[in-house]
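*Asks:* here's a sequence, model it:
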Amino acid sequence: MAIPLKLLVILWLVSGVSSLAGAPRMPQSTMYMSGTFIQEYLVKDWEDYKWQSEYRYMKELGMTYLIFGSTADSKAHQTWYPTKLRGYRQAKGYKDPVDSCLRNAEKMGIKVFLGLNFNADWWAKAANDPTWLYAQMDEGNRIADELYARYKAKYPKAFHGWYWVWEVDNLNYNQPAQKQTLAKALEINVSHLHRMNRDMPVMLCPFMNYRVGVNANGYRDLWKYVFANTSLGKGDIFCPQDCVGAGGLTLDKLAEWFAALKQAVDSKPGLRFWVDTETFDQTDWTSGTMDRLVQQLRLVRPYVDTAITFAWSHYYSPNNAAAGWQKTWKDYMANRKLDAQPPTEPVNFKILRQGDGSVRVSWLPSSDNIGVCGYDIYRNGTRITRHQSGRETKPTVYVDTSAPVSEPVSYEIQAYDFAGNKSARLGPIQP
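*Replies:* Just a heads-up that it's a prediction; the model follows:
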């Protein structure tokens with residue numbers, strides 16, 4: 001699987017809210033989410049029934065916000081929607097996913113934040129090329145004007161706000177000139193969007209990696225400066241990624257960083273503080289189990305107003321992943337505690353060395369009260385794969401093509417469910 005550039009950079013370095021003004025701080029007993037991101041490539045050919053299905057799944061869990069990634073690529077000069085902008089064309093293979101998203105959201109009471117443009121040169125140029133950066137912000141204003149003209153009057157309730165797509169990190173923008181450039185760039189968009197319609201909030205979602213760049217207090221100070229030098233304010237949303245899925249923060253670092261960032265938010269009256277909770281696991285690009293998700297939310301809830309996810313729609317929704325994720329979270333919401341019953345052990349566990357030197361691992365399925373999510377397979381005591389099912393259940397077989405031929409190997413297997421409960425580990429056995 002190809003790893004997106006943004007995630008490589010990362011490695012390097014409440015429920016049922018009906019209006020923004022009424023979004024409450026998550027109470028101590030509430031551990032739910034109010035929305036999810038969705039990316040354009042996932043939905044480019046979705047028909048109405050698929051959108052309505054997705055929104056129903058969201059509403060089952062009390063989610064009312066959808067953040068629609070970027071709407072344009074200002075490097076390739078293409079949009080995901082039909083455009084009349086000079087110098088742009090609509091990307092091939094797209095109908096109008098923006099219209100489909102908003103049309104169905106209007107019917108079903110979902111509030112949508114539309115992302116502006118993105119340019120992959122951001123990662124190399126943004127911190128050190130102000131001319132390039134300001135030009136990208138100007139392009140964003142052109143795109144915002146077109147989006148507003150095309151969709152706001154048509155879908156006044158659904159088209160709720162704006163997502164500032166550019167992701168700031170704690171490695172760059174720490175020198176005085178870089179801070180000034182960042183604040184000026186952000187203000188080019190924020191002031192324009194506010195003039196267009198001050199009732200539409202602007203959301204931004206920066207990230208951090210505790211291993212590089214400035215520490216939590218240094219990052220707090222960067223954002224204090226940015227907030228003091230932009231018109232971000234009442235109703236706008238500062239929504240940092242929690243960076244747990246991508247590995248930028250570990251669970252034991254969350255409170256420190258979000259406590260510091262809350263101090264920055266508190267320096268700007270009216271600015272809202274949300275968290276963008278990551279639902280994936282970059283160590284093997286699988287969906288993170290619900291026990292980790294619960295911990296992520298609990299650790300930041302003293303600081304934030306509510307949580308959105310990156311991204312329920314991609315990693316947990318029954319439209320794109322196994323139905324057990326949705327069932328497990330619904331069970332958690334109903335019972336206020338996570339399922340604790342582990343799956344049964346796999347049976348008929350067999351290992352076979354094949355003619356090409358690879359090792360074929362096979363077994364018969366486990367069972368679980370809600371559902372089996374997958375199987376961890378270990379070679380010589382070290383996990384080598386997380387055999388996780390998607391919408392379709394994977395066959396209970398795995399071929400280890402990297403098994404050493406010249407030394408003994410042994411294998412173990414362990415079933416796990418969507419809540420993170422694990423069966424006893426079976427094995428070890430040898431080929």
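*Asks:* ok, which stretches of the stretch 101-250 of the chain are strands?
*Replies:* Listed in chain order, the strands of the stretch 101-250 of the chain (DSSP state E, counting those that start in this stretch) span 111-115, 117-118, 159-164, 202-204, 237-238.
*Asks:* what are the pairing partners of the last one, and which direction each?
*Replies:* The strands beside strand 237-238 in its sheet (DSSP bridges) come out as strand 202-204 (parallel), strand 272-278 (parallel).
*Asks:* mean neighbour count and mean pLDDT for those - can I get that in TSV?
*Replies:* C-betas here are computed from N, CA, C, even on glycine. Putting those into TSV (neighbours: other CB atoms under 10 Å; pLDDT from 0 to 100) gives the following:
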stretch	mean neighbour count	mean pLDDT
strand 202-204	23	98
strand 272-278	24	98
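*Asks:* adding distance to N117, write these out as JSON lines.
*Replies:* Listed next are these as JSON lines, based on distance: least, CB to CB, whole Å:
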{"stretch": "strand 202-204", "distance to N117": "14"}
{"stretch": "strand 272-278", "distance to N117": "19"}
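*Asks:* and those: which comes nearest G288?
*Replies:* Nearest of the strands paired with strand 237-238 to G288, taken as CB to CB: strand 272-278 at 7.5 Å.
*Asks:* bridging residues for the spatially most central residue of the chain?
*Replies:* Centroid-nearest residue in the chain, with CA atoms, centre = their mean: F310, separated by 1.4 Å. With DSSP bridges applied, F310 shows beta-bridge pairing to E278.
*Asks:* quick one: residues contacting it.
*Replies:* Neighbour list for F310: 36-37, 205, 241, 245, 276-280 [criterion: CB atoms under 8 Å, 6 or more residues apart in numbering].
*Asks:* 6 Å instead?
*Replies:* For F310, the contact set (CB atoms under 6 Å, 6 or more residues apart in numbering) comprises 37, 276, 278.
*Asks:* give me the domain ranges for this protein.
*Replies:* 5-335, 347-429 (automatic domain parsing).
*Asks:* pick the most deeply packed of the ones you listed.
*Replies:* Mean neighbour count (mean count of other CB atoms under 10 Å) peaks for domain 5-335 among the domains of the chain, with a mean of 19.
*Asks:* how far off centre is it?
*Replies:* The chain centroid and the centroid of domain 5-335 are separated by 8 Å under CA atoms, centre = their mean, to the nearest Å.
*Asks:* of the domains of the chain, which approaches Q341 most closely?
*Replies:* So among the domains of the chain, domain 347-429 is nearest, using CB to CB, at 4.9 Å.
*Asks:* and that closest one, how far apart are its ends?
*Replies:* 13 Å (CA to CA, to the nearest Å).
*Asks:* so for that domain, mean pLDDT?
*Replies:* In this model, domain 347-429 has a mean pLDDT of 95.
*Asks:* and if you look at stretch 178-192?
*Replies:* Mean pLDDT, computed over stretch 178-192, is 98.
*Asks:* what lies in contact with that stretch?
*Replies:* 127, 130, 133, 137, 140-141, 173, 202, 225-226, 229-232.
*Asks:* mind doing that once more with 7 Å?
*Replies:* Applying CB atoms under 7 Å, 6 or more residues apart in numbering, the contact partners of stretch 178-192 are 116, 127, 130, 133-134, 137-138, 140-141, 144, 164, 168, 172-173, 202, 222, 225-226, 229-232.
*Asks:* got it, and stretch 32-46?
*Replies:* 14-15, 17, 23, 58, 61-70, 80, 93-95, 97, 100-101, 277, 306-314, 320, 333.
*Asks:* first-to-last residue distance for that stretch?
*Replies:* Note: stretch 32-46 ends 27 Å apart using CA to CA.
*Asks:* could I get the average pLDDT for it?
*Replies:* 95.
*Asks:* how about stretch 321-341?
*Replies:* 96.
*Asks:* dump the C-alpha coordinates for that stretch into CSV.
*Replies:* C-alpha atoms of stretch 321-341 as CSV (Å, rounded to 0.1, in the frame of the first residue of the first chain):
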residue,chain,number,x,y,z
ALA,A,321,-15.2,-1.3,6.5
ALA,A,322,-16.5,-4.2,8.5
ALA,A,323,-19.9,-3.7,10.1
GLY,A,324,-18.5,-4.7,13.5
TRP,A,325,-17.0,-1.3,14.0
GLN,A,326,-20.4,0.4,13.9
LYS,A,327,-22.0,-2.4,16.0
THR,A,328,-19.3,-2.1,18.7
TRP,A,329,-19.5,1.6,19.0
LYS,A,330,-23.3,1.5,19.1
ASP,A,331,-23.0,-1.1,21.9
TYR,A,332,-20.6,1.2,23.7
MET,A,333,-23.0,4.2,23.4
ALA,A,334,-25.9,2.1,24.7
ASN,A,335,-24.1,0.6,27.7
ARG,A,336,-21.5,3.4,28.5
LYS,A,337,-18.8,0.7,28.5
LEU,A,338,-16.9,-1.1,25.9
ASP,A,339,-17.5,-4.7,25.1
ALA,A,340,-15.2,-6.9,27.2
GLN,A,341,-15.9,-10.4,25.9
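*Asks:* just give me how far it sits from the chain centre.
*Replies:* The answer for stretch 321-341 is 19 Å, by CA atoms, centre = their mean.
*Asks:* on that earlier part again, and L251, which of the strands paired with strand 237-238 is closest to it?
*Replies:* strand 272-278 (11.7 Å).
*Asks:* and for the closest one, what are the contacting residues?
*Replies:* Applying CB under 7 Å, 6+ apart, the set of residues contacting strand 272-278 is 33, 205, 235-246, 262, 265, 293, 296-297, 300, 303-310.
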